[in-house]
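Chemist: Let's see this in three dimensions:
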Amino acid sequence: MEFNFDDSIFLTEKRCASQEKLTSYNAKICSPLWFEDAESDSDESKITQLKFSADYHYMVGRYDKARQKYQAILESLPPGGMCMRRDVLESLSRCHLNVGNKAEAVRVARQLFEQGTNEDHEIQGLSLLHHIYTKTEDFTEDLPILQRLVTFHPQYHLYWLHMGAVYQGLVARGDLSPACEADHHVKTFTCYLRAKLLLKFSQRTSGSFVKSNQLNLSEEITEVIEKMDFTLDEKDRAEKVRVKKFEKCTSVNKIKDILEAIQHFLQWCIHS
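Modeler: Below you'll find the model as predicted:
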């Protein structure tokens, strides 16, 4: 028994009518930078025009003018425009950062994070905060942001690489107690080594182009590790620290054991 039907019997009159051939069509032609002087006939087209204009000025480096236009978009958006609002908030934060207004950039970025409704939104907000703190070398604020990002993607090598750079920056700042400095030094190596190992494991399933970039990055991590002063001086300084308030960092004996273990692990990782 055959069950062949003519598809036309399922088409409504409206759909059939829509298939009639067009007799003429006039394409809309836009001049370069049309959005700078075009007249808007509705709120929606006005927002679209402002978005094009803001993105253009951001692209060419006119961040203050782009900031004004992004702010105007936020004031015109309807309550339901979540996707557009998040895009504009991120762009606005980046404008503030590029003109040197860190405080306002952080405020807008935190607003973006707090308005998130799912995990992807949280990662977007945290990633923007990480970018701000990295560019302004605010290691103290950047560390907890990276720690939260790692909980979302523990196998992402760049988060571990960036966290290693943050711990290294905190050590280089020179205002830590000896015990905490030793602890941070250990964590620096741990993060760099984890980033290198994650890269090594991911190369097994990577394409040739991606693998080439990963190998280059792995070599750069190795060079960073080899250039670091890993002389275990932290052990001698840590042994002199007996103040109770520093005990929470890591015990002296534990630091010594970890440093010695990392020394052997480091040699294996570099030459493997």
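Chemist: On the three-state scheme, R194 is what?
Modeler: Following DSSP: H, G, I helix; E, B strand; the rest coil, the label given to R194 is helix.
Chemist: Next one: it from L176, what distance?
Modeler: Between R194 and L176 the distance is 22 Å, computed by CB to CB, to the nearest Å. Bear in mind the C-beta positions are built from the backbone N, C-alpha and C, glycine included.
Chemist: Find me the pLDDT at the closest residue to G61 other than its chain neighbours, would you?
Modeler: Spatial nearest neighbour of G61, excluding adjacent residues (CB to CB, 6 or more residues apart in numbering): N98 at 8.0 Å. Model confidence at N98, expressed as pLDDT, equals 97.
Chemist: Run a quick neighbour tally on N98.
Modeler: Other residues near N98 number 16, with proximity taken as other CB atoms under 10 Å.
Chemist: Tell me if I'm right that it and D64 touch.
Modeler: No - N98 lies out of contact with D64 (CB atoms under 8 Å); the separation is 9.1 Å.
Chemist: pLDDT of stretch 108-128, averaged?
Modeler: For stretch 108-128, the per-residue pLDDT values average out at 96.
Chemist: hang on, the earlier thing: when R194 and L176 are compared, which one has more neighbours?
Modeler: Shown here are R194 and L176; by other CB under 10 Å, R194 has more neighbours (20 against 16).
Chemist: got the domain boundaries for the protein?
Modeler: Listed domain ranges for the chain are 41-136, 138-272 (source: automatic domain parsing).
Chemist: what's the closest of these to N26?
Modeler: Proximity to N26 (CB to CB) singles out domain 41-136 among these, at 17.6 Å.
Chemist: remind me which residues of the stretch 101-250 of the chain are low pLDDT?
Modeler: Screening the stretch 101-250 of the chain residue by residue with the criterion pLDDT under 70, one finds the ranges 203-209, 229-250.
Chemist: Helices along that one, start to end?
Modeler: Across the stretch 101-250 of the chain, reading from the start of the chain, the helices by DSSP state H, counting those that start in this stretch fall at 102-114, 119-135, 139-152, 157-173, 178-202, 208-227, 233-239.
Chemist: Go through the first one and flag the buried ones.
Modeler: By that I understand helix 102-114. Buried residues in helix 102-114, counted by 16 or more other CB atoms under 10 Å: 104-106, 108-109, 112-113.
Chemist: Please apply the same query to the third one.
Modeler: By neighbour count on 16+ other CB under 10 Å, the buried set for helix 139-152 is 139, 142-143, 145-146, 149-150.
Chemist: cool, the fourth one as well?
Modeler: Buried residues in helix 157-173, counting neighbours by 16+ other CB under 10 Å, are found at 157, 159-171.
Chemist: Would you mind checking which of those is nearest to M59?
Modeler: The closest of those, once distances to M59 are taken by CB to CB, is H162, at 25.9 Å.
Chemist: Pull the contacting residues for the closest one.
Modeler: If you count contacts by CB atoms under 8 Å, 6 or more residues apart in numbering, H162 has them with 130, 134, 146.
Chemist: Mind doing that once more with 6 Å?
Modeler: L146 (CB atoms under 6 Å, 6 or more residues apart in numbering).
Chemist: do the same with the one 5 residues further on
Modeler: Y167 sits next to 184, 187-188 when contact means CB under 6 Å, 6+ apart.
Chemist: Apart from its chain neighbours, what residue comes closest to it?
Modeler: That would be T188: by CB to CB, 6+ apart, it lies 4.2 Å from Y167.
Chemist: again with Q71
Modeler: For Q71, the nearest residue in space outside its immediate sequence neighbours is L92; the separation is 6.5 Å by CB to CB, 6+ apart.
Chemist: packing partners for the host helix or strand of the one you found?
Modeler: In this assignment (DSSP states H and E), L92 forms part of helix 82-98. The criterion is 3 or more CB pairs under 6 Å, 6 or more residues apart in numbering; DSSP states H and E, and the helices and strands that helix 82-98 contacts are helix 63-76, helix 102-114.
Chemist: Of those, which is nearest T222?
Modeler: Using CB to CB as the criterion, the shortest distance between T222 and the helices and strands packed on helix 82-98 is 33.3 Å, found for helix 102-114.
Chemist: ok and that closest one relative to helix 82-98, angle-wise?
Modeler: 160 degrees (axes from the mean of the first three to the mean of the last three CA atoms, to 10 degrees).
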